[in-house]
Every structure is written in structure tokens, then in C-alpha cells.
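In: I need the structure of the sequence given here:
(2 chains)
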Amino acid sequence: MILVYINSSNGISKSSYESISYGKKLGDVIALTNGGASSDDLASLGQYGASKVLVDRKINGDDQQQLTKLIASAVENNSVKTIVFSHDLVGKSVAPMLSVRLKAGLVSGAISLPDAEGCVDVNVFSGKALGKVKVNSEIKIISLLPNSIQPEENGSACPVEEITADTGSPSIKVLSTKKPEGEIPLPEAELVVSAGRGLKGPENWAMVEDLAVSLGAATACSRPVADIGWRPHHEHVGQTGVAIRPNLYIAIGISGAIQHLAGVNGSKVIVVINTDPEAPFFKAADYGIIGDAFEVVPRLNEAVNKFKAS
Amino acid sequence: MKILVCISKAPDTTSKIAFSEENTKFDENGVQFIVNPYDEWYALVRALEIKEAGGGQVTIITVGGASDDAIIRKALAIGADDAVRLDSEAKDAYYTAMQISSYAKENNYDLILTGKETINYNGSQVAGMIAAELDVPFVSLASKLDVNGSTLTVEREIVGGLQVVELNAPAVISCAKGMAEQRIPNMRGIMAARTKPLNVVAAQEIENLTEFVSYALPNAKSAVKMIDPENMDELVELLHKEAKVI
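Out: Numbering: from 1, shown residues only, chains lettered A, B, ... in the order given. Next up is the predicted model:
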């Protein structure tokens, strides 16, 4: 049996469907979640291959020790051999704790299905190389990098079963939570428009946002721009910021330092717009435009709108 | 407060990445090693700030061979009081975390800090594993940490936002950007580091749960296609028909 843990605190995200589809390729899938997502939303996981969804309503997921106990109890009750996480904040915190509790080897940031020998590909050296990981333990844990496989619809809504696990009381008290509303979370975005110091000031970001809206893309930025406060820190992609692997990454006025590339080199297609023909980013790009962002970006926006209207 | 900071050896961010022995080993030839930046800039520096404000002790710990001593001295030069090297090659995250936990159990720390991940394996595994083995709370991806007695107030990233949480020490916290600013060691620190205690401790018998069987470099990118800045319709058409991303 395959157990897929779903973080449904913000509703069911695309990466949840990816994890279910991934699990379905390995065997029969039970989904496990916690918190207050509606049963109709949870039942939709059946369309991607879950045979049922288990939900513990009393745990909110803020305490990693409680979540670990919840997942461990579902593993024991359902003779689970493989647990799949999305490599988000839960995959990066709860999966390692579960690994110790179950003595189960963990593959972090998987980008492929297990091959014939059971080895899974992961990105290593900040995206500059790939590694093949073999898990030696009987129970295996795979934390899947978002945007690594396409979700596949191949079923219908499934039953949702409420469970209560013995998870003890929380040791972490939440004082406040801030969530920006209505934005696409960067690690999940398929299309990303990003800009850097080449834009000269925060007042010039309207054209970047316009292009993002026309494409249905998320916005991102380079480190210097976040450091001087032109853009919020959660938009910073690169080695010390967020690592992303969208289908399309458009970099405007970003030179392409190695630390920035480490955060975006998993992107399928990279477009670079820069006035400097020597910008190192052109070496990592699929399409390059040497030109002034203030002319090129509005022109590109116009072209996108014309394409969308046709 | 007694703080243990876990550090790892990592290749300098600008290193050329290559593999040897039929792509089964990282080729260390000509590679400059540094303290993993997240461990150094965020975990270690914040630990020192906490000590400077409220007293205590900051101990560095790593799992590795004698070739790790150079990066340990660097961390001591930045200001840690002493260091422990668990004498063994780190086989995987589980192995590393169990070695550190076994040492930590004997020595009772109030706070264990790590970087959010290493820049070579990017696993984000060791901190959570230590917390689970010690059965203490774990807060990952912390961008702020304040200590008041044994109460810890931590700002952390959550899916799609930020959260401020409170918990009691002992705890394990993995540190991300925002936590502290990089410190450059001064000459006095470098001199002092030479005589600070570096205890080499024999490693425990522990199995590894995973192994890297091989490595590969990504396929070379085909040459960039340059587009006329006057002709953005062409770019849109290529993104639609050739790249199929819109």
C-alpha cells in the first residue's frame, strides 16, 4: 500500500494531485490529511487515483511531532510500504522525523519514479547535478519536488473517512500567521516572470506584474532586489531564497549570477531579457533578447495579449 | 544557554561540479571547501548573538574525517567556544543525524541549530531527524529566533506564508535567511581558534538507510536562440509552438 500525505491547509493544490498521481504509479494509494478541508475537495483526490482519503480533523498541522505521529499510525494501520510527500514545508520537516520513527530511508526532492533497481533521481549540488538514490530499508519515504510529474486524472471521487490518531498535545503554540491572499505560491507556479536590478526601482514593477497577469504567471525577483526592499522576501528565487522549476522562467534585467541560477536551473524553458549581451544568464537561456526591458517587456505583454485573444 | 550548532563541509558555491570513479564519487580535485553557508551565516551567527546577549556556550559539531578540521577552525574563528568532530565519513543523512543525536543525548543541549539544508545534497533532512531521535520539538526554516529564559519565539516559513510560534527549549531549529548576517572572522578570532578545543570523538556503529549509487551532470543546454527585440510575436509563437509552455 502507498500512503500519500496531503497538506490541505490551503485547499488541495496541484502538487497534491502530482503526489497522488506519482503514488498511483507505484501501487494502490490511500491519501492522508488533517485539518478542515471540505470533504468534497478531499474526495476529488480520487479522480487522480486515491482509493480513499483519511482525514484527522482535530490536528491542524502546526506541530511537526503531532503530524509525525498521525502519519506513523496510518502507516502501521494500513501496512504501508511507501510514503509519498510533496517536497514542501511538510516534506522538508515531517518526512525526516517520520524517517527516524519508522527507520525508513528518505529520498528528498525526488524528480523521477523509481527505476527498475528502485533508484530515484534527485537534484544535488543546488541543481548543478543529478544523483540516483537507493533506499535500503523495507519502508521507503519519497518527498517529490513540485512540477516534476504531470497530474493524471483517471478515476472518480473517492470515499473520505474521518479518523482520530493518538497524537498527544501540541508542543508548539502559534502566535500569528501571515498568508498573502490570492497569489500563486512560487514553488507551484508553472509560469514565472522575474526581474532584477535592471529595472532600476520598485516603481517600475507594474510592467512585470502586467506581463505576469497576461500569462497567468507568478512574479519573482533576484536577491539584491529583495535585500534592498524593492520586492518582498518570499519572491526571492536563488540559492538562499526559493528554488523553483517552472515550465517557463522569464528573467528581466537579471545578470544570472551562479547563486541565482542555482534556484532556477530546473526550469524547463528560460527566457532572458537583458541590455548587456555579456550577461552570464544568456548561457543558461533557451531564448535571449538583448534589449531595453522598458521597451521589450510592454511589447512582449502586447504580443501575449494578442496571442491569448486569438 | 547551551547551544549545539551542526555544521557541514560543502564545496564553495562557485566550484566546478564533476564526478570520479565512474560517476559514483564527487570529484574533490581542486575544490575549495567552505562551511555550508546556511550553517555558518544563519545557525552559527544567531547562536553567537544569543550567547552574547544572555550568556552560555556555543559548540560546533560535524561528522567527518580529519580533512574537515579546516572548516571547523573557520567556525571557531567566527566565535564558537569549542568543537566536536565525530570521526567518520558521513554516509547519509540518517547516519549523520544519529551520530549527532547520540552525542547530544550525553551532553544535554538547550538548543540545537542547523542550516536549512546543505548546498551539496539539499536534503533538509538532518535537523528533523535529530529532533525525532531526541523526541524534542522541531521548527524548520526559521527566519527569526528570540530566546527568553527557556521560551523560544520563532518566525518560520509555512506553505504560502509566515508564522510566529512559541515553544520551550530543548528544541531543534533549522535556520534560513533572515536569521542573522554573515560575520567575517577577524585576526584575533583566527588566532584564538588555533587553541580552542576540538574534540575528536569516535563514531558509533550506525547503518545508513540510503546511498547515492551514481551521479550525472544535466544534459548540456542547446545554444540560446536570440530573438529580435522588435519582434515579440516571434517569441510568443516559439514559446507556444516550439517550447510548448504557453
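In: What strand or helix carries residue B:172?
Out: strand B:171-175 (DSSP states H and E).
In: Helix or strand next in line after that strand, which one?
Out: Taking DSSP H and E, what comes next after strand B:171-175 is helix B:187-193.
In: What lies in contact with that following helix?
Out: For helix B:187-193, contacts defined as C-beta atoms under 8 Å, 6 or more residues apart in numbering or on different chains pick out B:73-74, B:76-79, B:185. C-betas here are computed from N, CA, C, even on glycine.
In: and if you look at stretch A:155-170?
Out: With contact meaning C-beta under 8 Å, 6+ apart, stretch A:155-170 is reached by A:39-40, A:42-59, A:62-63, A:65-67, A:69-70, A:73-74.
In: in terms of contact count, name the helices or strands touching the lengthiest helix in chain A.
Out: Ranked by residue count and defined by DSSP state H, the top helix of chain A is helix A:293-309. Counting contacts by 3 or more C-beta pairs under 8 Å, 6 or more residues apart in numbering or on different chains; DSSP states H and E, helix A:293-309 is packed against helix A:206-215, strand A:269-274, helix B:232-237.
In: redo that, cut-off 6 Å
Out: helix A:206-215, helix B:232-237 (3 or more C-beta pairs under 6 Å, 6 or more residues apart in numbering or on different chains; DSSP states H and E).
In: roughly how far apart are residue B:165 and residue B:127?
Out: With distances taken as C-beta to C-beta, to the nearest Å, residue B:165 is found 16 Å from residue B:127.
In: what about these two, which has more around it?
Out: residue B:127 (31 against 23; other C-beta atoms under 10 Å in any protein chain shown).
In: Doesn't the more buried one belong to a strand?
Out: No. Checked against DSSP: H, G, I helix; E, B strand; the rest coil, residue B:127 lies outside a strand; its state is helix.
In: Only the buried residues of the longest strand along chain B, if you could.
Out: The strand that spans the most residues within chain B, counting by DSSP state E, is strand B:138-148. Residues of strand B:138-148 classed as buried by neighbour count (16 or more other C-beta atoms under 10 Å in any protein chain shown): B:138-145, B:147.
In: ditto for stretch A:206-213
Out: For stretch A:206-213, by 16+ other C-beta under 10 Å, it's A:207-208, A:210-212.
In: ok, back up a step: just put the helices and strands packed on helix A:293-309 in a markdown table and tack on mean pLDDT.
Out: Formatted as a markdown table, the helices and strands packed on helix A:293-309 follow (pLDDT from 0 to 100):
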| stretch | mean pLDDT |
| --- | --- |
| helix A:206-215 | 96 |
| helix B:232-237 | 96 |
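In: Now distance to residue A:160 too, for the ones you listed, in a markdown table please.
Out: Shown next, in a markdown table, are those (distance: least, C-beta to C-beta, whole Å):
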| stretch | distance to residue A:160 |
| --- | --- |
| helix A:206-215 | 35 |
| helix B:232-237 | 43 |
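In: picking up where we left off before, what is the mean pLDDT for the longest strand of chain B?
Out: For strand B:138-148, mean pLDDT is 97.
In: ok, now stretch B:49-69?
Out: The pLDDT scores in stretch B:49-69 average 97.
In: and it, how far apart are its ends?
Out: End-to-end distance for stretch B:49-69: 24 Å, by C-alpha to C-alpha, to the nearest Å.
In: residues of it that come out buried?
Out: Under the neighbour-count criterion of 16+ other C-beta under 10 Å, stretch B:49-69 has B:49-51, B:56, B:58-64, B:68 buried.
In: just those now: which is nearest chain A?
Out: residue B:63 (15.8 Å; C-beta to the nearest C-beta).
In: quick one: that closest one and residue B:85 touch, right?
Out: No. Taking C-beta atoms under 6 Å as the definition, residue B:63 is not a contact partner of residue B:85, at 7.7 Å.
In: give me the beta-bridge partners of the closest residue to residue B:123 other than its chain neighbours?
Out: Residue nearest to residue B:123 in three dimensions, not counting chain neighbours: residue A:108, with 4.2 Å by C-beta to C-beta, 6 or more residues apart in numbering or on different chains. Per DSSP bridges, the residues bridged to residue A:108 are residue A:143.
In: residues touching residue A:108, list them.
Out: By C-beta atoms under 6 Å, 6 or more residues apart in numbering or on different chains, the contact set of residue A:108 is A:143, B:123, B:125.
In: how does it look with 8 Å?
Out: A:87, A:91-92, A:95-96, A:122, A:143, B:93, B:122-125.
In: Same check on residue B:201?
Out: Going by C-beta under 8 Å, 6+ apart, residue B:201 touches B:84-87, B:103.
In: That one bridge partners, please.
Out: Note on residue B:201: beta-bridge partners by DSSP bridges are residue B:86.
In: same question, residue B:162
Out: For residue B:162, the beta-bridge partners under DSSP bridges are residue A:178, residue B:157.
In: Let me know whether it touches residue B:144 as I believe.
Out: No. In this structure, residue B:162 is not within contact of residue B:144 by C-beta atoms under 8 Å, at 9.3 Å.
In: intersection of neighbour lists for these two?
Out: With C-beta under 8 Å, 6+ apart as the test, residue B:162 and residue B:144 both reach residue B:155.
In: Give the buried residues for the longest helix seen in chain B.
Out: If you go by DSSP H, chain B has its longest helix at helix B:93-107. Going by neighbour count (16+ other C-beta under 10 Å), the buried part of helix B:93-107 is B:93-104.
In: Quick one: list the elements packing against that helix.
Out: Checking 3+ C-beta pairs under 8 Å, 6+ apart, helix B:93-107 ends up next to helix A:89-102, strand A:105-110, strand B:2-6, strand B:57-64, strand B:82-87, helix B:126-134.
In: Now with 6 Å, please.
Out: Helix B:93-107 sits against strand B:57-64, helix B:126-134, with contacts defined as 3+ C-beta pairs under 6 Å, 6+ apart.
In: Kindly reformat those as CSV containing distance to residue A:229.
Out: Converted to CSV, the helices and strands packed on helix B:93-107 look like this (distance: least, C-beta to C-beta, whole Å):
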stretch, distance to residue A:229
strand B:57-64, 31
helix B:126-134, 29
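In: Can I get the longest helix of chain A as CSV, trimmed to CA atoms?
Out: The C-alpha coordinates for helix A:293-309 follow below in CSV (Å, rounded to 0.1, in the frame of the first residue of the first chain):
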residue,chain,number,x,y,z
ALA,A,293,13.4,46.0,-20.6
PHE,A,294,11.3,49.2,-20.7
GLU,A,295,10.7,48.7,-24.4
VAL,A,296,10.8,44.9,-24.7
VAL,A,297,8.5,44.0,-21.7
PRO,A,298,5.5,46.1,-22.8
ARG,A,299,5.9,44.8,-26.3
LEU,A,300,6.0,41.2,-25.1
ASN,A,301,2.9,41.8,-23.0
GLU,A,302,1.1,43.2,-26.1
ALA,A,303,2.2,40.1,-28.1
VAL,A,304,1.0,37.7,-25.3
ASN,A,305,-2.4,39.5,-25.1
LYS,A,306,-2.8,39.3,-28.9
PHE,A,307,-1.9,35.5,-28.7
LYS,A,308,-4.4,35.0,-25.9
ALA,A,309,-7.1,36.8,-27.8
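In: and the gap between the closest residue to chain B within the stretch 201-310 of chain A and residue A:198?
Out: Across the stretch 201-310 of chain A, no residue is closer to chain B than residue A:291, which sits at 3.1 Å (C-beta to the nearest C-beta). Distance of residue A:291 to residue A:198, computed by C-beta to C-beta: 11 Å.
In: In terms of neighbours, single out the busier of the two.
Out: More crowded of residue A:291 and residue A:198, by other C-beta under 10 Å: residue A:198, with 21 against 18.
In: OK, contacts around that one?
Out: Residue A:198 neighbours (C-beta under 6 Å, 6+ apart): A:253, A:293.
In: how long is stretch A:224-238 from one end to the other?
Out: Stretch A:224-238 has its terminal residues 11 Å apart, counting by C-alpha to C-alpha.
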